[in-house]
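Participant: I'll drop the sequence and a predicted model, then ask my questions.
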Amino acid sequence: MKLATIRTADGATRAVRVEDDHLVDLGAADVGEYLANPGGAVTGERTYPLDGARYAPVVPRPGKIICVGLNYRNHILEMGRDLPAYPTLFSKYAETLVGAEDDIVLPPETEAFDWECELAVIVGAPVRRARGAEAENAIAGFAVLNDVTCRDWQFRTKEWLQGKNWEATTPLGPYLVTPDELPGGVRPKVDISTEIDGETVQRDNTGDLLFDPVDLVEYVSTMVTLKPGDVIATGTPGGVGHARKPPRYLRAGQRLVTTVDGLGHCANRIVAG
């Protein structure tokens with residue numbers, strides 16, 4: 001099953017289920033609200049055309065966006081680091097999110113705007129200290145995310161938050177795809193990639209993750225209750241611009257396409273802030 005949050009002609013948003021050629025209204029304003037109240041009415045009477053749908057971030061206002069750094073083996077090695085014993089965590093704010101086809105805003109304050117394709121986990125049930133099947137069942141599905149980063153701000157200090165939380169920089173969508181539609185289920189093994197103006201700059205498989213989605217739900221929920229609509233960004237593979245010699249960064253006018261097989265893609269234009 002695929003779920004999405006679309007923007008309607010009146011400026012509102014609606015949670016929908018994606019069918020072959022149309023979208024079925026789920027009786028909620030967005031996917032986050034739907035996951036928090038899955039028993040809400042779905043009449044199937046209100047539909048929208050699939051063609052021309054305008055996608056908001058699949059969860060527009062998650063209570064938490066937990067991000068994992070250094071979680072693909074090849075990316076850890078290209079950054080010159082040892083394999084970690086525990087996940088490296090930081091957070092993002094909802095204001096960073098944009099839809100699958102929205103513009104990404106290049107801040108004038110940075111000279112090192114970098115790409116990071118990621119598999120995002122969408123939480124579907126409240127869990128605390130989840131283990132095993134409970135952690136697996138808490139995963140509502142997955143989406144595409146790009147953790148676009150201001151590297152010069154990220155490395156001003158040892159803490160990364162200031163490089164990761166620029167407004168309107170993080171596409172999330174277009175869909176939430178449930179685990180049953182993916183090879184590997186809650187531990188999906190699917191190809192992930194980034195293209196800039198048609199050139200592939202990142203390509204890997206989510207099977208290369210050190211800490212898989214179930215591991216991350218277990219680990220994060222040990223600290224804090226995960227709730228429906230919360231997002232866990234699982235980290236990026238090798239090929240980021242900062243690790244290249246010489247470094248390479250995004251520029252205004254470029255088109256950034258982030259793809260995860262089975263989940264669709266985000267195609268975003270970089271625009272000057």
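Facilitator: Received, thanks. Numbering: from 1, shown residues only.

Participant: any idea how far residue 251 is from residue 104?
Facilitator: Using Cβ to Cβ, to the nearest Å, residue 251 is found at 12 Å from residue 104. For the C-beta atoms, the positions are set from N, CA and C on the backbone; glycine is no exception.

Participant: what ranges of the protein fall below the confidence cut-off?
Facilitator: 39-44 (pLDDT under 70).

Participant: now the farthest one out in it, which residue is it?
Facilitator: Distance from the C-alpha centroid of the chain, by Cα atoms, centre = their mean, peaks at residue 45 (30.2 Å).

Participant: pretty sure residue 48 contacts residue 22?
Facilitator: Yes. Applying Cβ atoms under 8 Å, one finds residue 48 in contact with residue 22, separated by 6.6 Å.

Participant: if you count surrounding residues, which of the two has more?
Facilitator: residue 48 (17 against 14; other Cβ atoms under 10 Å).

Participant: excluding its backbone neighbours, what's nearest the more buried one?
Facilitator: residue 23 (4.4 Å; Cβ to Cβ, 6 or more residues apart in numbering).

Participant: I'd like to know which elements the helix or strand harbouring the one you found is packed against.
Facilitator: Under the criterion of DSSP states H and E, residue 23 resides in strand 22-25. Counting by 3 or more Cβ pairs under 8 Å, 6 or more residues apart in numbering; DSSP states H and E, the packing neighbours recorded for strand 22-25 are strand 13-18, strand 47-49.

Participant: highest mean neighbour count out of those?
Facilitator: Greatest average neighbour count among the helices and strands packed on strand 22-25 goes to strand 13-18 (a mean of 23), per mean count of other Cβ atoms under 10 Å.

Participant: centre of the chain versus that one, how much separation?
Facilitator: 18 Å (Cα atoms, centre = their mean, to the nearest Å).

Participant: among the helices and strands packed on strand 22-25, single out whichever gets nearest to residue 160.
Facilitator: The closest of the helices and strands packed on strand 22-25 to residue 160 is strand 13-18. By Cβ to Cβ, the value is 30.0 Å.

Participant: so which elements touch that closest one?
Facilitator: Strand 13-18 packs on strand 2-7, strand 22-25, helix 31-36, going by 3+ Cβ pairs under 8 Å, 6+ apart.

Participant: now the first one against strand 13-18, angle please.
Facilitator: Comparing the axes of strand 2-7 and strand 13-18 via axes from the mean of the first three to the mean of the last three Cα atoms, to 10 degrees yields an angle of 150 degrees.

Participant: now strand 2-7: how far from the chain's centre is it?
Facilitator: 14 Å.

Participant: now swap in the last one and tell me
Facilitator: On the basis of Cα atoms, centre = their mean, the separation between the geometric centre of helix 31-36 and that of its chain is 16 Å.

Participant: same question, stretch 178-196
Facilitator: With Cα atoms, centre = their mean, you get 12 Å for stretch 178-196.

Participant: centroid-nearest residue for the protein?
Facilitator: residue 145 (2.7 Å).

Participant: that one bridge partners, please.
Facilitator: Beta-bridge partners for residue 145, by DSSP bridges, are residue 118, residue 172.

Participant: hang on, it packs against residue 121?
Facilitator: No. Counting by Cβ under 8 Å, residue 145 does not reach residue 121; the two are 9.6 Å apart.
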